[in-house]
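Peer 1: just to be clear, the model below is a prediction. Sequence and coordinates:
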There are 4 protein chains.
Amino acid sequence: MSIQELTQALLKFRDERNWAQFHTLRNLIVSLNLEAAELLELTQWKSEEEMSALFNEEGTQEALRDECADVLLYLLLIADKAGIDLLEAARSKLEKNAVKYPVEKAYGSSRKYTQLED
Amino acid sequence: MSIQELTQALLKFRDERNWAQFHTLRNLIVSLNLEAAELLELTQWKSEEEMSALFNEEGTQEALRDECADVLLYLLLIADKAGIDLLEAARSKLEKNAVKYPVEKAYGSSRKYTQLED
Amino acid sequence: MSIQELTQALLKFRDERNWAQFHTLRNLIVSLNLEAAELLELTQWKSEEEMSALFNEEGTQEALRDECADVLLYLLLIADKAGIDLLEAARSKLEKNAVKYPVEKAYGSSRKYTQLED
Amino acid sequence: MSIQELTQALLKFRDERNWAQFHTLRNLIVSLNLEAAELLELTQWKSEEEMSALFNEEGTQEALRDECADVLLYLLLIADKAGIDLLEAARSKLEKNAVKYPVEKAYGSSRKYTQLED
């Protein structure tokens, strides 16, 4: 399945329920944030060992997979609404990041680009 | 460009900078939440008219595109880390949603599935 | 009840359950974000009319009150952990904001201070 | 300074700038989430050692103090808007939490109340 086919299935799902009326850009962005928070909730109070179990045990892996899926679904709705080609946007952003974080300065460093040292 | 090719480019970007050491699942999920918040910030204090301009004017459209891209990039890193096939996860989640929100109950309603009426 | 008395009651609640061991600064900040998201969830898909009802109807007002309370409780735990006097910090931040947003420039404007016009 | 005096100073700050018009409940809740995210950003990519430094070193402590202050300021605006007595709400929520997390079950456990064992 390609990202275009997934988008088509998603828009069909939306339109069968007559939900486009609720899908303002603001509402979709709020919903994406709420799904991101559900992903964050999977990490709450977890030790490093419990975090490893999160993607190694079947029950919790499913929760993780579902929350990632929800984030992607809202991202696709936002991209459709705003006329954004998501893969092209990500490819182009990666190029910008390569300029902000040149290998020779950013190698092995977790600093923000504004704080990279020469 | 396919989502697999984008993922490959992203992992190459990460490895050239020796950043995998920072990319614990917890850190990636926190970062995804921060990028989601930057998307939300684009809506802050905006009237409905200003929200429309957000994806119709070139300057703001670029900001929107970049923030969507950042969310996708972290989502791909999480999926890679956790061994998740993102498109398959989204397709499967859409099927679950179809069961939770049957057309005849959910048509034209913005209620949560736990509050849908017969 | 003062904010100091509330803090004392909260720390007693925590210590009776032996929970200080989980309360790293990182964990508390993540939890505060999750409570903020629950507050945001109360606004999800709501029309302007439904938003008004949110604080005028008893059932929903209680949900709003509880989520605000949860945010405050984590904020107090963070402040205690980091040795911050919360009221003094807010008073001092308000002074900084007054410099960033001088009345003559900021009057009736929702712009960020970096975009205020002369 | 009491929380009531702080609230008065905050409302005066708002009204001098004629900002109440922007302060819908939805906008205030979104802004509180953005401030919570700025707090979360202070933890991004940080090791445990760097997290300790966060509240022990003066420069970073100020950032932490300012972000906590911003969360409190929006919380006070929300409470004012919704007619909520914040301290009373927190005291009352703490009582609810004591019922959900009885000492004998919750002692030394980071589980959610729905997963506490007998």
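Peer 2: In hand now; what should we look at?
Peer 1: what helices or strands is the helix or strand of chain A with the lowest mean pLDDT leaning on?
Peer 2: Within chain A, no helix or strand scores below helix A:48-56, which has a mean of 86 by mean pLDDT, DSSP states H and E. Here helix A:48-56 touches helix A:58-82, helix B:25-41, helix B:58-82, going by 3 or more Cβ pairs under 8 Å, 6 or more residues apart in numbering or on different chains; DSSP states H and E. Using the backbone N, CA and C atoms, a C-beta is placed for each residue, glycine as well.
Peer 1: close to chain C, is the helix or strand just after the last one?
Peer 2: Translated: helix B:58-82. Next in sequence after helix B:58-82, counting helices and strands by DSSP states H and E, comes helix B:86-100. No. For helix B:86-100 and chain C, the contact criterion (Cβ under 8 Å from any Cβ of the partner chain) is not met; the two come no nearer than 14.9 Å.
Peer 1: how about the helices and strands packed on helix A:48-56, which one is nearest chain C?
Peer 2: For chain C, the closest of those is helix B:25-41, at 7.0 Å, according to Cβ to the nearest Cβ.
Peer 1: ok, now which ones touch the nearest residue to A:Ala69 once chain neighbours are set aside?
Peer 2: Closest residue to A:Ala69 apart from its sequence neighbours, by Cβ to Cβ, 6 or more residues apart in numbering or on different chains: B:Lys93 at 3.6 Å. With contact set as Cβ atoms under 8 Å, 6 or more residues apart in numbering or on different chains, B:Lys93 has these partners: A:Arg65, A:Asp66, A:Ala69, A:Asp70, A:Leu73.
Peer 1: equivalent analysis for A:Leu76, please.
Peer 2: A:Ile3, A:Leu6, A:Thr7, A:Leu10, A:Leu86, B:Ala90.
Peer 1: and for A:Ala89?
Peer 2: Contacts for A:Ala89 (Cβ under 8 Å, 6+ apart) come out as A:Ala79, B:Arg65, B:Asp66, B:Cys68, B:Ala69, B:Leu72.
Peer 1: quick one: name the residues of chain A near chain D.
Peer 2: Residues of chain A lying near chain D by Cβ under 8 Å from any Cβ: A:Val30, A:Asn33, A:Trp45, A:Ser110.
Peer 1: what's the local residue count around the residue nearest to the last one when sequence neighbours are not counted?
Peer 2: Among residues not flanking A:Ser110 along the chain, D:Trp45 sits closest, at 4.0 Å (Cβ to Cβ, 6+ apart). A total of 17 residues lie near D:Trp45 under the criterion other Cβ atoms under 10 Å in any protein chain shown.
Peer 1: just to revisit the earlier point, can I get the contacts of A:Leu76 in a markdown table with neighbour count and pLDDT?
Peer 2: Converted to a markdown table, those look like this (neighbours: other Cβ atoms under 10 Å in any protein chain shown; pLDDT from 0 to 100):
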| residue | neighbour count | pLDDT |
| --- | --- | --- |
| A:Ile3 | 21 | 96 |
| A:Leu6 | 21 | 97 |
| A:Thr7 | 17 | 98 |
| A:Leu10 | 20 | 98 |
| A:Leu86 | 22 | 97 |
| B:Ala90 | 26 | 98 |
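Peer 1: just the residues you listed now: which is nearest chain C?
Peer 2: Nearest to chain C among these, with distances taken as Cβ to the nearest Cβ, is A:Leu10, at 17.4 Å.
Peer 1: surely the residue nearest to A:Ser110 touches B:Arg26?
Peer 2: No. Counting by Cβ atoms under 8 Å, D:Trp45 does not reach B:Arg26; the two are 10.9 Å apart.
Peer 1: okay, domains of chain A per the record?
Peer 2: Chain A breaks down by automatic domain parsing into domains covering A:3-84, A:85-118.
Peer 1: contact partners for A:Leu116?
Peer 2: Neighbours of A:Leu116 in contact, by Cβ under 8 Å, 6+ apart: A:Tyr101, A:Lys105, A:Ala106, A:Ser109.
Peer 1: CA atoms only for stretch A:42-55, dumped as CSV, please.
Peer 2: Extracted C-alpha coordinates of stretch A:42-55, given in CSV (Å, rounded to 0.1, in the frame of the first residue of the first chain):
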residue,chain,number,x,y,z
LEU,A,42,2.7,5.3,26.8
THR,A,43,6.1,6.5,28.2
GLN,A,44,4.7,7.9,31.4
TRP,A,45,6.3,6.7,34.6
LYS,A,46,8.2,4.0,32.6
SER,A,47,11.7,3.0,33.6
GLU,A,48,14.2,2.4,30.8
GLU,A,49,13.6,-1.4,31.1
GLU,A,50,9.8,-0.8,30.8
MET,A,51,10.4,1.4,27.7
SER,A,52,12.3,-1.5,26.0
ALA,A,53,9.4,-3.9,26.8
LEU,A,54,7.1,-1.3,25.1
PHE,A,55,8.2,-2.4,21.7
